[in-house]
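*Asks:* for reference, the sequence and a predicted model appear below.
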Amino acid sequence: MGFEKFGRISFTAQTKVAAFVDHLERGEVVASRCTQCGARYFPPRADCYRCLSDKVVLEPIQGTGRLVSFTTANYAPTGFEADVPYTLAMAEFDGLKVFGRMSKEVPEQELAVGLPVRLKVVRMPDGQLSYEFVKA
Ligand SMILES: [Zn+2]
């Protein structure tokens, strides 16, 4: 499966990290880890830009992260107009920074830097897959 199954707007279907979407189907959000130097990447990268190795593995991002930053979008780019307002967030999981949307189930007044969060795979009504942060 390629990236045509991910999100609202189809990006290129063919990528070296298309397995990201296969993992979403199984309920996992994955990052890549370079087996040569240990660098971790999100979104996953097929090649390590630190040591230039292509020996990477995809690993689930597990456990609880902490909200690092967030902002609410009231205007959206093409394809996302029906979603506003939505909150974009960055959270850190054991040193790995992950970017994504905050679940609309989390009340805006509860959002704060340091809030414990976890990742959740989301299947949209049209069958597309994505992920979001929810309260841990
Ligand atoms: Zn590396």
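*Replies:* Great, that's in hand. Numbering: from 1, shown residues only.
*Asks:* low pLDDT regions in this structure?
*Replies:* 1, 10-13 (pLDDT under 70).
*Asks:* which parts of it sit against the ion?
*Replies:* Residues of the chain found near the ion (CB under 5 Å from the ion) are 34, 36-37, 39, 48, 50-51, 53. All C-beta atoms are positioned from the backbone trio N, CA, C, and that covers glycine.
*Asks:* of the residues you listed, buried ones?
*Replies:* 34, 39, 48 (16 or more other CB atoms under 10 Å).
*Asks:* list the buried residues in the helix or strand hosting residue 121.
*Replies:* For residue 121, the enclosing helix or strand under DSSP states H and E is strand 116-123. Neighbour counts using 16+ other CB under 10 Å place 117-119, 122 of strand 116-123 among the buried residues.
*Asks:* just give me the neighbour total for the residue nearest to residue 113 when sequence neighbours are not counted.
*Replies:* In space, and not counting its chain neighbours, residue 113 is closest to residue 67: 5.8 Å by CB to CB, 6 or more residues apart in numbering. Residue 67 has 21 neighbouring residues, counting by other CB atoms under 10 Å.
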